[in-house]
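Engineer: pasting the sequence and the predicted model now:
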Amino acid sequence: MVATLIRRTGDWDVAEEAAAGAFERAVTTWPRDGVPRNPGAWLTTAARNLALDRLRRRGVEAAKLREWSAMEEASGEPDPADAVTEHDGDDRLRLIFTCAHPALPLEARVALTLRTVAGLTTPEVARAFLVSESTMAQRIVRAKAKIANARIPYRVPQPEDLPERLDGVLAVLYLVYNEGYTASSGDSLQRLDLAAEAIRLTRLLAGLLPHPEVTGLLALMLLQHARSAARVDAAGDLVPLEEQDRSRWNAAQLAEGLALLALPPAEPGPYHVQASIQAVHARAASAAATDWPAILAAYDQLPDSPIVALNRAIALGMAAGPREGLAELERLAASGRLPAHHLLPAARADLSRRAGLLEAAAVHYRAAIDLAPTDPERRYLQRRLAALTGA
């Protein structure tokens, strides 16, 4: 409803307030008069009328009515009293691309996507990213103003622009998911509601825009999210992958994720490749049975980045021996490409421990503890250090 009203009115605030008002009217009238035969059409009509009332109060009703009538005549849309518009999917797709437009700052894209597409309230979005409600409200207001002032078009990109713009949309969705999968700060390792919301949005996008990389991202999310219950213990502390009880992994999510990868594209994109790495873990009956050479080969297909280099070094250490992986990590540390990131010293500590270099492992564990952003990760590293030193 919001997506359709934005297209018709050209005003985000009017659309959101009219949609909210329609639901408020339903709560008031349906218990008294009964649920209408077509609830969606009833809500759409109510929201449409409320939007026009709001525009009338602002003195633009006549011009907007003419524009609205011209749009309906040109598109041949049915009156909302008869049926929910057949363009609903197109409108939601327009909304996703507009919220993730590259002209907006990344933090604004994330906030606007969660607020407008996912339907989270401003306080919910603020809690998800650990900022005040007023700060998040300002971000959303500024993002809407930027869309209006810069005349950012409310449409799906042209075919020639789609690859670049789609990458931006997927990056926003993956950023939301990663914040849910491993929180950037706080006393909880995971924010499962945020991860689930990212999966829901990606599933929506996959239904609206079939594309190999959308499918790859959805598979990646599902295969990682399937391990959520096993990633923490009863106290909420981190359980590393090799120590997880694999019987606690979500079988339905694993099956869906693997099915999405059943027919790989001729040239897999980065999300599809990352999903294939998670598929190797999903298929392994135990940590010892993991096909690390296959994972290493997959990392070699990904574009270079500091995190890819880190993960590739870990895979090399597991496939060829810890000293091989340590050499790669030494080069990464010397490059300065991953400064002040706790995962680098944590990886160096783990591979040093596996190589029997216990003093070096202790040094790296202490460095990782100082940098760890969440309490569960910090406690896990402290336990590792204690086991190593007997402290």
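Structural biologist: Right, received. Where do you want to start?

Engineer: what's the local residue count around Leu205?
Structural biologist: As a burial measure, Leu205 scores 24 neighbours (other Cβ atoms under 10 Å). All C-beta atoms are positioned from the backbone trio N, CA, C, and that covers glycine.

Engineer: Leu208 versus the residue lying closest to it once chain neighbours are set aside, what's the distance?
Structural biologist: Leaving aside its chain neighbours, Leu205 sits nearest to Val214 (5.5 Å; criterion: Cβ to Cβ, 6 or more residues apart in numbering). Between Val214 and Leu208 the distance is 9 Å, computed by Cβ to Cβ, to the nearest Å.

Engineer: now the helix or strand encompassing Ala333: buried residues?
Structural biologist: Taking DSSP states H and E as the definition, Ala333 sits inside helix 322-335. By neighbour count on 16 or more other Cβ atoms under 10 Å, the buried set for helix 322-335 is 322, 325-326, 328-329, 332-333.

Engineer: pull the residues that contact the next helix or strand after it.
Structural biologist: Next along the chain after helix 322-335, taking DSSP H and E as the criterion, comes helix 343-354. Helix 343-354 is contacted from outside by 307, 310, 313-314, 317, 322-323, 325-326, 329-330, 332-333, 338, 358, 360-365, 367-368, 371-372, 381, 384, 388, using Cβ atoms under 8 Å, 6 or more residues apart in numbering.

Engineer: and with 6 Å instead?
Structural biologist: 314, 317, 322, 325-326, 329, 338, 360-361, 364-365, 367-368 (Cβ atoms under 6 Å, 6 or more residues apart in numbering).

Engineer: what angle do helix 322-335 and it make with each other?
Structural biologist: Orientation of helix 343-354 against helix 322-335 (axes from the mean of the first three to the mean of the last three Cα atoms, to 10 degrees) gives an angle of 150 degrees.

Engineer: which strands or helices does the next helix or strand after helix 343-354 pack on?
Structural biologist: Counting by DSSP H and E, the element after helix 343-354 in chain order, helix or strand, is helix 358-371. For helix 358-371, the elements it packs on are helix 343-354, helix 375-389, judged by 3 or more Cβ pairs under 6 Å, 6 or more residues apart in numbering; DSSP states H and E.

Engineer: what about 10 Å?
Structural biologist: Judged by 3 or more Cβ pairs under 10 Å, 6 or more residues apart in numbering; DSSP states H and E, helix 358-371 is in contact with helix 322-335, helix 343-354, helix 375-389.

Engineer: other SSEs contacting the helix holding Ala333?
Structural biologist: Using 3+ Cβ pairs under 10 Å, 6+ apart, helix 322-335 sits against helix 306-320, helix 343-354, helix 358-371.

Engineer: so can I have CSV of these showing mean pLDDT and mean neighbour count?
Structural biologist: Formatted as CSV, the helices and strands packed on helix 322-335 follow (pLDDT from 0 to 100; neighbours: other Cβ atoms under 10 Å):
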stretch, mean pLDDT, mean neighbour count
helix 306-320, 97, 20
helix 343-354, 97, 23
helix 358-371, 97, 18
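
Engineer: the strands in the stretch 51-200 of the chain, which residues?
Structural biologist: Counting by DSSP state E, counting those that start in this stretch, the stretch 51-200 of the chain has no strands to list.

Engineer: any regions of it where pLDDT drops low?
Structural biologist: Where the stretch 51-200 of the chain drops to pLDDT under 70, the residues are 59-89, 128, 130.

Engineer: nearest to Leu260, out of the helices and strands packed on helix 358-371?
Structural biologist: Within these, the stretch nearest Leu260 is helix 343-354; the backing value is 27.2 Å (Cβ to Cβ).

Engineer: now do that closest one against helix 358-371, angle only.
Structural biologist: For helix 343-354 against helix 358-371, the angle by the same axes, to 10 degrees is 160 degrees.
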